[in-house]
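# Let's see this in three dimensions:
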Amino acid sequence: MRNRARCRHHRRSAAGPGRRRGERITLYSRKRIVLALALAVLGGCSSQGSDSASSGSQASAGAGAGSKVIGVSIQDREAQFYQSMEAGMREAAKRYGYTLHVVDANRDNSKQQSQVEDFISQKVDAIILTPYDSTAIGSAIVEANNAKIPVFTADIASTSKQGTVVAHIASNNVQGGMEAGSLMCQALKGESAPTVAIIDEPEVTSVQDRVKGFKEELAKTCPSVKVVADVTAGGQRTKASSVADDLLQRHPNLSGIFGINDDSALGAMKSVEAAGKAGKVAIVGYDATVEARTAIKAGTMYGDAIQHPDQIGSLTIGAIHDYFNGKTPSPVIAVPVGTYTKADAK
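Residues are numbered from 1 along each chain as shown. The predicted structure is shown next:
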């Protein structure tokens, strides 16, 4: 009896620790499952908060499978024009399965130079630049060339003698300037000895072309119109408003103002309205952003040369796609510019 009792006791004792070990194993497994779920959730949150500016789920998946990665440095990502251009890039990149890494240079050449260096360190497959400083950007392009990374420019070209750009994609800005000049001639038709001012940004190549076309069209179509001032405001609305205040004081009979972009034109419009001269000073802008179209519809701006930034973005990615596939893109891809007036407003 005692032997059988000892055996029963031994079996109970053996069964007890076994269950406890099983419970510990089960508890450990549960902990591992909970930990894995937590890591998955955190990973998902991290991906959603990333600033890598992927082109979407398809592009991200493609990148993992060896897709191409394109670094994009935009000089001012807050501008409506560049937002539209970026949207065009993203749509095309998604179509081809490319990943975009988009960063904002914030109108700072040093920052843009550093961004190119970062792209090189990341070993991206191509770089797109909208240079803030068309001349100074050359040294950064050289660095990318030395790293065997192709460089493309969109909207604004490099004027540096350094570095090689595969292709430049932009509006035909001389033609666009002529369209703006034509609008100004229409706005001032019939006026006696009309005078106009230009709110400029001469350090930017695309703006140089716009102003060139504008002046050429005035000389050809309405030679009686005299340009009495050409002042820079850096393409910024606040500065443009301040410049326009000064212009209206120095030229009280000013007939018109050409703003080289819509921020310049809208800044001038604010000053004209504040001076009580709305409708007396014709304002022509460039870009036809949503805000400018609203002003044109209301009659506070006469009209705009209208660019197609989404097409610029899409064509830039298209040129890169051709390059990746062994084709040689045209060195300059020009996008036509049209006009937008109150008659076009809906």
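
# Is Thr339 in contact with Asp304, as I believe?
Yes - using C-beta atoms under 8 Å, Thr339 makes contact with Asp304 at a distance of 7.1 Å. Bear in mind the C-beta positions are built from the backbone N, C-alpha and C, glycine included.

# show me where the chain has helices.
2-48, 57-64, 80-96, 109-122, 138-146, 173-187, 205-221, 237-250, 262-274, 290-298, 309-324 (DSSP state H).

# quick one: which of the ones you listed has the weakest pLDDT on average?
When the helices of the chain are compared by mean pLDDT, helix 57-64 comes last with a mean of 36.

# So which residue is dead centre in this protein?
Tyr82 (2.9 Å; C-alpha atoms, centre = their mean).

# residues contacting that one?
Ile74, Gln75, Asp76, Thr130, Asp155, Pro309 (C-beta atoms under 8 Å, 6 or more residues apart in numbering).

# And the third one, how far from Glu179?
Meaning Asp76. For Asp76, the distance to Glu179 equals 23 Å [C-beta to C-beta, to the nearest Å].

# Of the two, give the one with the bigger neighbour count.
Between Asp76 and Glu179, counted using other C-beta atoms under 10 Å, the more crowded position is Glu179 (25 against 18).

# Spell out which residues make up each domain of the protein.
Listed domain ranges for the chain are 1-49, 57-165, 173-308 (source: automatic domain parsing).

# gap between the two ends of stretch 281-295?
14 Å (C-alpha to C-alpha, to the nearest Å).

# Off-centre distance for it?
Using C-alpha atoms, centre = their mean, to the nearest Å, the mean C-alpha position of stretch 281-295 is found 19 Å from that of the whole chain.

# And it, what's buried?
By neighbour count with 16 or more other C-beta atoms under 10 Å, stretch 281-295 contains the buried residues 281-289, 291-293, 295.

# Would you reformat those residues as JSON lines and include distance to Arg237?
Output for the buried residues of stretch 281-295, formatted as JSON lines (distance: C-beta to C-beta, whole Å):
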{"residue": "Val281", "distance to Arg237": "17"}
{"residue": "Ala282", "distance to Arg237": "19"}
{"residue": "Ile283", "distance to Arg237": "13"}
{"residue": "Val284", "distance to Arg237": "16"}
{"residue": "Gly285", "distance to Arg237": "11"}
{"residue": "Tyr286", "distance to Arg237": "13"}
{"residue": "Asp287", "distance to Arg237": "12"}
{"residue": "Ala288", "distance to Arg237": "16"}
{"residue": "Thr289", "distance to Arg237": "11"}
{"residue": "Glu291", "distance to Arg237": "10"}
{"residue": "Ala292", "distance to Arg237": "11"}
{"residue": "Arg293", "distance to Arg237": "16"}
{"residue": "Ala295", "distance to Arg237": "12"}
